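# Here's a sequence, model it:
(4 chains)
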Amino acid sequence: MGDKKHAIDKELVRELAELLKETELSEIEIENEDLRIRVARHLSAPARSLSVAVPEEAPRAGKAPAGRDESDDYGDPARHPGCVPSPMVGTAYRASSPGARPFVEVGDTVREGQTVLIVEAMKHMNEVAAPRSGKVTSVLVEDGQPVEYGEPLLIIE
Amino acid sequence: MGDKKHAIDKELVRELAELLKETELSEIEIENEDLRIRVARHLSAPARSLSVAVPEEAPRAGKAPAGRDESDDYGDPARHPGCVPSPMVGTAYRASSPGARPFVEVGDTVREGQTVLIVEAMKHMNEVAAPRSGKVTSVLVEDGQPVEYGEPLLIIE
Amino acid sequence: MFSKVLIANRGEIALRILRACKELGVQTVAVHSTADADAMHVRLADESVCIGPPSATASYLNIPSIVSACEITGADAVHPGYGFLSENARFADILAAHGITFIGPTAEHIRLMGDKVQAKETAVSLGIPVVPGSKGAVADSAEAARIAAEIGYPVLIKAAAGGGGRGMKVANSAEDVERAFDTARSEARAAFGDDAMYVEKYLANPRHIEVQVMGDGEGRAVHLGERDCSLQRRHQKVWEEAPSPALNAAERQRIGKTVADAMSKLGYRGAGTVEFLYEDGEFYFIEMNTRLQVEHPVTEAITGIDLVAEQLRVAAGSPLSIRQEDVTFTGHAIECRINAENPETFAPSPGRITYYHPPGGLGLRVDSAVYQGYRVPPHYDSLIGKLIVHGRTRVECMMRLRRALDEFVVDGIETTLPLFRDLVSNPDIANGMYDIRWLEDFLAASRSSEKIA
Amino acid sequence: MFSKVLIANRGEIALRILRACKELGVQTVAVHSTADADAMHVRLADESVCIGPPSATASYLNIPSIVSACEITGADAVHPGYGFLSENARFADILAAHGITFIGPTAEHIRLMGDKVQAKETAVSLGIPVVPGSKGAVADSAEAARIAAEIGYPVLIKAAAGGGGRGMKVANSAEDVERAFDTARSEARAAFGDDAMYVEKYLANPRHIEVQVMGDGEGRAVHLGERDCSLQRRHQKVWEEAPSPALNAAERQRIGKTVADAMSKLGYRGAGTVEFLYEDGEFYFIEMNTRLQVEHPVTEAITGIDLVAEQLRVAAGSPLSIRQEDVTFTGHAIECRINAENPETFAPSPGRITYYHPPGGLGLRVDSAVYQGYRVPPHYDSLIGKLIVHGRTRVECMMRLRRALDEFVVDGIETTLPLFRDLVSNPDIANGMYDIRWLEDFLAASRSSEKIA
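Numbers count the residues shown, from 1 in each chain, chains lettered A, B, ... in the order given. The predicted structure follows:
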């Protein structure tokens, strides 16, 4: 961390605070090449304090929060513009049959409409098509993994 | 973030805390090339919203709030530096007997220790002495009025 | 007992079911739409699965998603709550095909009671008194007029598939019949895509009295007394109480036994409610709900029986934990349904609850899934909580309800709490002198008196 | 009935009394110190009067202020709650002199039971079993040794004015007596300014069992069963339940009848509790509390009787609303006292409650005067709420308690909720196998196991 003087633009914060009030938003975040600024106002007590009531949270694959916890935004794939979310609850498969080649691998270039995964629900194999053409930069599910509605499957950039 | 010594700029945090208070925000986050900083303050909802639970508030003399509602500070005699509060619960009398001259009137000059009122509690007449010398600028109770502990009786300036 | 139950519902009833599961040591799976990710029952469940977007059709009514959620979590039973899929026979069939227990009656009984004409025929065959009327659907207004002449005017012309007041018209005389029949039929066609109609005796000032039953599916069934749900607005119950201020012990005993015997004959499994109109000492069957009802806590308060735990036991193949002779009625209970609505216009009022303080103390129960900071979503019904009060007598119960309502704080949204504060101090309510039209009349009178003032 | 009752207390019990008054249609006056101006019962009362600064001596124990508050508001009765002036005979006398009803027993009965020696003599004369020991105060350690030899070791040497564990020593053999006697006496002199001592049989592993009674002051009295309050820390009750897991129906019936007969003979008025140590099937009188107890809701849960309403009725000269044959015991109830304390060190934790969410649903009662945003003042005791759970069986009650504790959220201060989460899953507690030393041993073991880890 630099030891020079960190001049902050207080006027900008005040302006954003005003804007926040006017628009009744609870949060504004602005980023440009050399500055990122975020202001927020929580009107009621933070709801997450309730989480202490959860006695034994059993973490499992199917429980992955889809963009629920705002403190976790950075690196949340659900927020990524190239994210392909699961269209339904079910079990994700990366290939058409056990042992077959996966539909896609990281680094592959895909075309819009191309099948990239299968989500099985009620014995029915639902093909997940690429919503856009691009390069697969990340595959977020294992073969045979349970997925919720909206859970990020892969990222196409 | 630099990999050299992590000196934190406490002054900056203090500045932001001030700004947070001033703007009534709950969170400010600022990031530039060499620093990301975030300050937050979670306020709980104001307790006074509970007052809607009171169905039929029966306002009466004995219920005068003694400096309870902070939004009402201005003009609250309990906050006045010259306020003489009631030392006990009881009935305030302005004179030693019915029909007699009141101990003090507005405009009178009183000396420290001089009896200015009587508060009757359990048939016992408790003399209230002036806590300081000065001029009576306001008498806040009627003869025979019930008073709570701490209720403003008069103002001596 | 089951090892893991999936709760296919939301809101207060999802939390109610979760509580019963926890108290029986059963693991829970909450399913939820994206709009309900922060719901209380989702936070408290052992596992949760997001099953779709906010629209109920795409989430809570989405059978494939719910079955998939069972499969990926390994749930061995589903509790459907009320509403949504709770009376969907196809859902019960599909679950059965997947080896998952539906916590409720058989699909056959759901179908039987889901069709008004069949339900009524079944009631007659089981000895349950019905409203005199057409045996099955009537072909046209001429047949309707013939039947009306037999049973006497006024008569009600009603869609077989109906509900919620749609596809229903009253005919006061022979001249009215044709117009009433045609109007009701075209409403029915538009609303339900089914224009089968029937005709029945119209009751002028009935009360809504319903009998709670519980069967083991093996021919044993008990009744748990009645609830009086006459206070309704647009066919939605607002205030429910037990025992009914209108019934005496002999009437209670008679109708209870009739219903329990009928359910025993039917071999009914689980919780059910047989609804009646009641007028001049007579009961007339309306319908049977083959599920848990919103107002079940009223019965729990006066019997001490946990209906949801009993549903779970019976669904898991255990016998009923109660025999008829064990059921005793203690004191009086009232439930108020607190909705996120303007208390005068009943316009929905979704949004963030900025302050929440439920009342406490002796004889009170609050069933609610909201909390301070919770945002009531605009996508679902407006029920945000139920206040249930129990007392040794109806007077004690009413006094307790009054003080509980005074303590209850919900800020940030509008609620129907002020309506209940009015009702609890109303002399007709105090005297138990109300029928199913009373509340609408009261609300109309309040509105017009406001206009004058 | 009274027209206006002044509540001479604070916290949850002040709110409890206010609720009972409201439910009986009685006006209420809240008195409070400056530290309690924002208290819930102050907000909900019809009138409120500030009676002094935060110090209890200058406010809640300030008799002239409370009497003045009655006079300026026209209150015709005072409910003292528990603690503070509730067992102050002089207060009862002064109120009587001012024509104000003290809601409690006669000043004479308060005095009688307030003195340990007299109380024990009275118990003996009324047929209540007592711990064998000295008849009245003993002069010196020699006399103590003579008595100890008669009743057998171990013996307890105890201050007549004692309480809270001070002025008490155990002597295990004749050699111990002199030292134990002298230590206890000097403690008693320092703590109470009174060094009258007595000697009694010391019980190794007793339970604390207490019997709730209610008398009309005219010779009619009923008992409402027992409470088991064995789970104590430093002589403070932590967890109370009814019925006791240790008693059978015959024992319950026997001790209940003994106590009710005694209170009838005494002509006792109002609510009272006769406390016993219980070991090997025998009861030994400890003391009688001539007031409402913190744990009274446990009895209310299993009997359905509102004890505070009953106190008000009897104080107003009405007969008891219940006869012994009307009292039935239904199910099982447990109360957890939730204190604003560190759950391990028990250091007080006053401060602002930033989030508060009490549990709800079937079989639960929360008695608490706190709310979100409330600041727990540092001036008074640390009890911030009581969670009372009722079930049809002890197992159902324990399962319900467990899920209720999981739902209960109090943020911003430390509370003893985590302690109860430990207790509810402890096998000894599940089996009801505990005595008055169990909790201290459990806490000591937890502390030492932490040190090892």
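# Let me know the secondary structure of the spatially closest residue to residue A:141 that is not a sequence neighbour.
Spatial nearest neighbour of residue A:141, excluding adjacent residues (C-beta to C-beta, 6 or more residues apart in numbering or on different chains): residue A:92 at 4.5 Å. To be clear about C-beta, it is placed using only N, CA and C from the backbone, and glycine gets the same treatment. Using DSSP: H, G, I helix; E, B strand; the rest coil, the structure places residue A:92 in strand.
# wait, what's in contact with residue A:92?
Contacts for residue A:92 were tallied using C-beta atoms under 8 Å, 6 or more residues apart in numbering or on different chains; they are A:86, A:117-120, A:141-147, A:153.
# which regions of the stretch 251-400 of chain C lie under the pLDDT threshold?
Counting by pLDDT under 70, the stretch 251-400 of chain C shows no low-confidence range.
# Determine the number of other residues adjacent to whichever residue of it sits closest to chain A.
Nearest residue of the stretch 251-400 of chain C to chain A, counting by C-beta to the nearest C-beta: residue C:373, 4.0 Å away. For residue C:373, the neighbour count with other C-beta atoms under 10 Å in any protein chain shown is 26.
# Which element, helix or strand, includes it?
In this assignment (DSSP states H and E), residue C:373 forms part of neither any helix nor any strand.
# Surely it is in contact with residue C:352?
Yes - Residue C:373 is within contact range of residue C:352, at 7.0 Å (criterion: C-beta atoms under 8 Å).
# give me phi/psi at residue C:177?
In this entry, residue C:177 is assigned phi and psi values of phi -60, psi -50 (degrees, to the nearest 10).
# Now for it: which residues touch it?
The neighbourhood of residue C:177, defined by C-beta under 8 Å, 6+ apart, consists of C:141, C:144, C:145, C:148, C:155, C:157, C:171.
# swap the cut-off to 7 Å and go again
Residue C:177 sits next to C:141, C:144, C:145, C:148, C:171 when contact means C-beta atoms under 7 Å, 6 or more residues apart in numbering or on different chains.
# How many residues are close by the closest residue to chain C within chain A?
With C-beta to the nearest C-beta as the measure, the residue in chain A that lies nearest chain C is residue A:146; the distance is 3.4 Å. Burial of residue A:146, expressed as a neighbour count using other C-beta under 10 Å, amounts to 25.
# for it, which residues make a bridge with it?
residue A:91 (DSSP bridges).
# Was I right to think it contacts residue C:71?
No - shown here, residue A:146 and residue C:71 do not form a contact pair, counting by C-beta atoms under 7 Å, at 8.1 Å.
# how far away is the residue lying closest to residue C:331 once chain neighbours are set aside from chain B?
Once its chain neighbours are removed from consideration, residue C:331 has its nearest residue in residue C:392; the separation is 4.7 Å (C-beta to C-beta, 6+ apart). Separation of residue C:392 from chain B (C-beta to the nearest C-beta, to the nearest Å): 24 Å.
# swap in residue C:192?
Relative to chain B, residue C:192 is positioned 43 Å away (C-beta to the nearest C-beta).
# mind checking how far the nearest residue to that residue once chain neighbours are set aside is from residue C:277?
In space, not counting the residues next to it along the chain, residue C:192 is nearest to residue C:161; the distance is 3.9 Å by C-beta to C-beta, 6+ apart. Between residue C:161 and residue C:277 the computed distance is 20 Å (C-beta to C-beta, to the nearest Å).
# Now the buried members of the contacts of residue A:92.
Among those, those classed as buried by neighbour count (16 or more other C-beta atoms under 10 Å in any protein chain shown) are A:86, A:117, A:118, A:119, A:120, A:141, A:145, A:146, A:147, A:153.
# give me the element the fifth one is part of.
Here residue A:120 sits within strand A:115-121, counting by DSSP H and E.
# Dihedrals phi and psi, the residue of the stretch 251-400 of chain C closest to chain A?
The phi and psi torsions at residue C:373 (degrees, to the nearest 10) take the values phi 100, psi -10.
# pLDDT below threshold where in chain A?
For chain A, residues meeting the criterion pLDDT under 70 lie at A:1-8, A:22-26, A:31-34, A:41-75.
# Residue numbers of chain C in contact with chain B?
C:354, C:355, C:357, C:372, C:406, C:407, C:409, C:411 (C-beta under 7 Å from any C-beta of the partner chain).
# filter those residues by proximity to chain D?
The subset of the residues of chain C next to chain B lying close to chain D, counting by C-beta under 7 Å from any C-beta, consists of C:357, C:372, C:406, C:407.
# The last one and residue C:430: what is the separation?
Looking back up the chat, that one is residue C:407. Relative to residue C:430, residue C:407 is positioned 20 Å away (C-beta to C-beta).
# the more surrounded of these two?
Neighbours of residue C:407 and residue C:430, each counted by other C-beta under 10 Å, are more numerous for residue C:407; the result is 23 against 14.
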